[in-house]
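Novice: Structural data only, the sequence is not supplied:
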């Protein structure tokens, strides 16, 4: 995740991020090159205790890139559109 890219950003990370599996993985895993598979990132998210909090963070902060809370950009956009 992008929060893992600088020391300043990590210090300001939400509480759920410290326990998140993505904190132990490089950001390239969750922000793959266009056209790359998201399968492995989604699989890791599925096993993460912070998945729901991560997804809510992404929705609240309008994260438009990468895998957050186990959802791709398109999946989060569809979820946003379906919420009141």
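Specialist: Thanks, I have it. If you're wondering where the values come from, they're calculated on a predicted model, not measured in any experiment.
Novice: so what's residue 7 scoring on pLDDT?
Specialist: What the model reports for residue 7 is a pLDDT of 37.
Novice: Extract the residue ranges of this protein that are flagged as low pLDDT.
Specialist: Regions of the chain meeting the criterion pLDDT under 70 cover residues 1-11.
Novice: Where do the helices of it begin and end?
Specialist: 7-11, 15-19, 39-46, 51-60, 73-82 (DSSP state H).
Novice: contacts for stretch 66-80?
Specialist: 1-2, 27, 30-31, 38, 41-42, 45-46, 48, 51-59, 63-65 (CB atoms under 8 Å, 6 or more residues apart in numbering). No exception for glycine: its C-beta is placed from N, CA and C like everyone else's.
Novice: Tell me the span between the first and last residue of it.
Specialist: Stretch 66-80 has an end-to-end distance of 16 Å (criterion: CA to CA, to the nearest Å).
Novice: Flag every buried residue along it.
Specialist: 66-71, 75-76 (16 or more other CB atoms under 10 Å).
Novice: rewinding a little: return the most buried member of the helices of the chain.
Specialist: helix 51-60 (a mean of 17; mean count of other CB atoms under 10 Å).
Novice: Could you check the angle it makes with helix 73-82?
Specialist: Interaxial angle, helix 51-60 versus helix 73-82 (axes from the mean of the first three to the mean of the last three CA atoms, to 10 degrees): 70 degrees.
Novice: Can you pull up the most central residue in the chain?
Specialist: What sits nearest the mean C-alpha location of the chain, by CA atoms, centre = their mean, is residue 68, with 2.2 Å.
Novice: Okay, and the beta partners of that one?
Specialist: Beta-bridge pairing of residue 68 under DSSP bridges involves residue 71.
Novice: Could you export the buried residues of stretch 66-80 as CSV, including distance to residue 19?
Specialist: As requested, these are exported to CSV (distance: CB to CB, whole Å):
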residue, distance to residue 19
66, 19
67, 17
68, 16
69, 14
70, 15
71, 19
75, 23
76, 21
